[in-house]
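A.B. asks: Provided below are the primary sequence and the corresponding predicted coordinates.
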Amino acid sequence: MTTDPIGIEEARRLLDEALPGPWNLELTMWMRDNLPALLDRIESLEVDLERAHLARAEAQNRASDLRKAADGWASHAEQTASALFEARATNTRLNRRCQQAEKAARDNIDACKRAGMSFGRSLANYAALLYREDLERAQATIARVQALVDEAEQSPSRGVQFGGTPFPASVGTDQLRAAMDGDQ
């Protein structure tokens, strides 16, 4: 609410009490005729000024809100740009790796073709090689166990332990396990 520094209400009261008498001075008559319109205009301007102050405060609040929103969007835009940069770098790395993998696959297929075999045949040969290695290990273990059994059967101290106490002719389980594990 505005204050009344020039006393408009008092001026109106005095104007309303003034007698409509003969006015001698031209200025006084003009004031008597125009003062109501001037007071109305002043009141209207004060109302307009109050509205302008309210509108200005509202505009400042909106501007503050817009600045905050703009700052938020700017931060979001920076984060998005950073994420986009990282995504592009990752995409570039992945494309390079895909190209390397495609080249390696082509080279491997070409090598298989040069060797006169298909990729499937290469895998089968590799599996056969692994099987052969496992078979050779098993045969070596069987041979070690057989050697232990033969040695136990042909031993001159068969059935006699140190100190003259007899023991069974069979090979101990610990010796067989060790032979199976490849320890002997």
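C.D. replies: Yes, it's here.
A.B. asks: So for the residue nearest to L15 when sequence neighbours are not counted, what's the pLDDT?
C.D. replies: Leaving aside its sequence neighbours, L15 sits nearest to L35 (Cβ to Cβ, 6 or more residues apart in numbering; 5.7 Å). Bear in mind the C-beta positions are built from the backbone N, C-alpha and C, glycine included. Here, the pLDDT recorded for L35 equals 82.
A.B. asks: ok, now D110?
C.D. replies: D110 is assigned 76 on the pLDDT scale.
A.B. asks: Same check on the one 5 residues further on?
C.D. replies: A115 is assigned a predicted lDDT (pLDDT) of 68.
A.B. asks: just D65 next, same as before
C.D. replies: 91.
A.B. asks: Reduced to three states, what does it come out as?
C.D. replies: Classification of D65 using DSSP: H, G, I helix; E, B strand; the rest coil returns helix.
A.B. asks: Please work out how many residues are found near it.
C.D. replies: Using other Cβ atoms under 10 Å, D65 is surrounded by 10 other residues.
A.B. asks: What distance do you get for I42 to E17?
C.D. replies: Using Cβ to Cβ, to the nearest Å, I42 is found at 19 Å from E17.
A.B. asks: out of the two, which sits in the more crowded spot?
C.D. replies: Higher neighbour count among I42 and E17: I42, with 14 against 7, using other Cβ under 10 Å.
A.B. asks: nearest spatial neighbour of the more buried one, skipping sequence neighbours?
C.D. replies: Using Cβ to Cβ, 6+ apart, the closest residue to I42 is I8 (6.0 Å).
A.B. asks: Tell me if I'm right that that neighbour and E43 touch.
C.D. replies: Yes: if you go by Cβ atoms under 8 Å, I8 and E43 touch, sitting 6.4 Å apart.
A.B. asks: pLDDT weak spots in the protein?
C.D. replies: Counting by pLDDT under 70, the chain shows low-confidence ranges at 1-6, 21-25, 27, 112, 115-119, 153, 155-184.
A.B. asks: okay, which residue is most central for the protein?
C.D. replies: Centroid-nearest residue in the chain: A83, 8.7 Å away (criterion: Cα atoms, centre = their mean).
A.B. asks: and that residue, helix, strand or coil?
C.D. replies: Criterion first, three-state DSSP; result for A83: helix.
A.B. asks: where's it relative to R121, distance?
C.D. replies: 47 Å.
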